[in-house]
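Asks: the following block contains a protein sequence and its predicted model.
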Amino acid sequence: MTANTLQITGSTGHAVFGLSEAERSREAALREQFAAFWGTATGEPRAIYDRFVGACPVQDGITLAPEETEDVRGWWVQPRRSEPGQAILFLHGGGYVQGSAKAYRGFASQIVGRLQVPALVIDYPMAPEASLPSAPQTALAAWRWLVEQGFGRIAVVGDSAGGGLTLVTLSELARRPIGPSPVAGAVFSPWTDLTLSGASMTDPNVHDPLIGRDYLFDCASKYRGTVPADDPQASPLFGDLRGLPPLLVQVGTDERLLDDSRRYAERAAAEGVPVQLELWEGMHHVFQLDVAHLESSRTALDRAARFLRAAFNA
């Protein structure tokens with residue numbers, strides 16, 4: 001796989017990661033597996049989704065422990081050793097209508113194992129049973145709980161809807177700090193625009209094997225409740241991005257949320273936020289989950305871990 005890397009800091013730019021022919025073949029085979037899984041899976045939709053995400057393996061040497069208090073419910077994903085006071089707050093994806101901390105333990109472990117920093121993967125209220133502002137309030141409560149436990153250096157990480165929630169959380173903390181400032185944010189295919197106005201939403205050259213515009217519209221309608229789609233709590237793309245910590249944004253070029261990432265990175269850079277935007281050629285939505293199949297997934301997570309390590313050590 002080849003790469004042309006360009007960091008953007010206060011100006012627009014991006015890094016593009018090309019595909020080798022061997023990797024392209026692996027991606028094609030994986031898409032056939034996706035089609036077979038979603039075409040034959042039976043059961044309750046949330047359980048099916050958790051089986052799909054939960055297939056991401058837990059890294060060796062990682063300890064999993066449930067956490068349930070009045071303020072937070074989820075799972076600790078812990079390495080063999082770590083520096084005191086450092087933690088990741090991990091916010092999972094699933095369109096705000098599905099996903100669970102338990103299902104995302106394997107994915108979180110892929111970051112934790114590379115970084116040697118523990119992650120708290122939290123559950124937050126799902127739509128349609130709950131709507132805004134329940135999820136952002138839960139994320140901020142988890143942040144506050146981590147601070148109260150003595151964690152002074154915290155990064156926020158999330159994928160898809162959890163990536164959007166990550167960016168909402170970081171913006172809220174920039175405006176109304178709760179303890180220390182976040183050291184960084186890392187998001188994978190973040191959903192930043194619930195108005196669905198990005199060009200990639202309807203681009204006929206985008207062949208997203210996992211999510212479509214109709215699905216996103218349905219999820220957004222359930223999650224927003226009475227909150228407008230362009231409200232910054234729903235769509236961080238339209239929020240105040242000043243004062244955010246260093247950000248890493250990774251996205252595949254063959255997914256409906258491509259422009260959610262590109263436009264957010266451009267806006268953040270224009271506000272002086274240190275941003276690294278990575279475009280991964282031919283990759284599907286949250287391809288980082290597929291570490292067992294794709295070199296691109298493993299390389300992207302290696303890069304995410306290096307980014308976060310630099311932020312924790314800064």
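Replies: All right, it came through fine.

Asks: where do the helices of this protein begin and end?
Replies: Ranges of helices in the chain, per DSSP state H, are 21-40, 45-54, 105-115, 134-148, 161-175, 213-224, 258-270, 295-313.

Asks: deepest-packed of those, please.
Replies: Between the helices of the chain, the one whose residues have the most neighbours on average, counting mean count of other Cβ atoms under 10 Å, is helix 161-175 (a mean of 25). Using the backbone N, CA and C atoms, a C-beta is placed for each residue, glycine as well.

Asks: between helix 258-270 and that helix, find me the angle.
Replies: An angle of 20 degrees separates the directions of helix 161-175 and helix 258-270 when computed by axes from the mean of the first three to the mean of the last three Cα atoms, to 10 degrees.

Asks: quick one: low-confidence ranges for the protein?
Replies: Low-confidence segments of the chain, defined by pLDDT under 70, span residues 1-13.

Asks: contact partners for residue 31?
Replies: For residue 31, the contacting residues are 209, 284, by Cβ atoms under 8 Å, 6 or more residues apart in numbering.

Asks: I misspoke; the intended subject was residue 50.
Replies: Taking Cβ under 8 Å, 6+ apart as the definition of contact, the neighbours of residue 50 are 98-100, 102-103.

Asks: same deal with residue 313?
Replies: For residue 313, no residue counts as a contact, taking Cβ under 8 Å, 6+ apart as the criterion.

Asks: distance check, it against residue 124.
Replies: Relative to residue 124, residue 313 is positioned 29 Å away (Cβ to Cβ, to the nearest Å).

Asks: now residue 54
Replies: According to Cβ to Cβ, residue 54 and residue 124 sit 18 Å apart.

Asks: before we move on, what about residue 296?
Replies: Per Cβ to Cβ, residue 296 is found 29 Å from residue 124.

Asks: now do residue 171
Replies: Look at residue 171 and residue 124: by Cβ to Cβ, they are 17 Å apart.

Asks: okay, and the beta partners of the closest residue to residue 307 other than its chain neighbours?
Replies: Taking Cβ to Cβ, 6 or more residues apart in numbering, and ignoring the residues beside it in sequence, residue 307 has residue 248 as its nearest neighbour in space, at 4.5 Å. Beta-bridge partners for residue 248, by DSSP bridges, are residue 186, residue 276.

Asks: now do the contacts for the residue nearest to residue 304 when sequence neighbours are not counted.
Replies: Beyond its immediate neighbours in the sequence, the residue positioned closest to residue 304 (Cβ to Cβ, 6+ apart) is residue 186, lying 5.3 Å away. Residue 186 makes contact with 155-157, 166, 247-248, 250, 304, 307-308 under the criterion Cβ under 8 Å, 6+ apart.

Asks: now do 7 Å
Replies: Residues counted as contacts of residue 186 (Cβ atoms under 7 Å, 6 or more residues apart in numbering) are 155, 157, 248, 304, 307-308.

Asks: what does residue 174 give?
Replies: By Cβ under 7 Å, 6+ apart, the residues touching residue 174 are 243-244.

Asks: distance of the residue nearest the centre of the chain from residue 74?
Replies: Ranked by distance to the mean C-alpha position of the chain (Cα atoms, centre = their mean), the top residue is residue 159 at 1.7 Å. For residue 159, the distance to residue 74 equals 15 Å [Cβ to Cβ].
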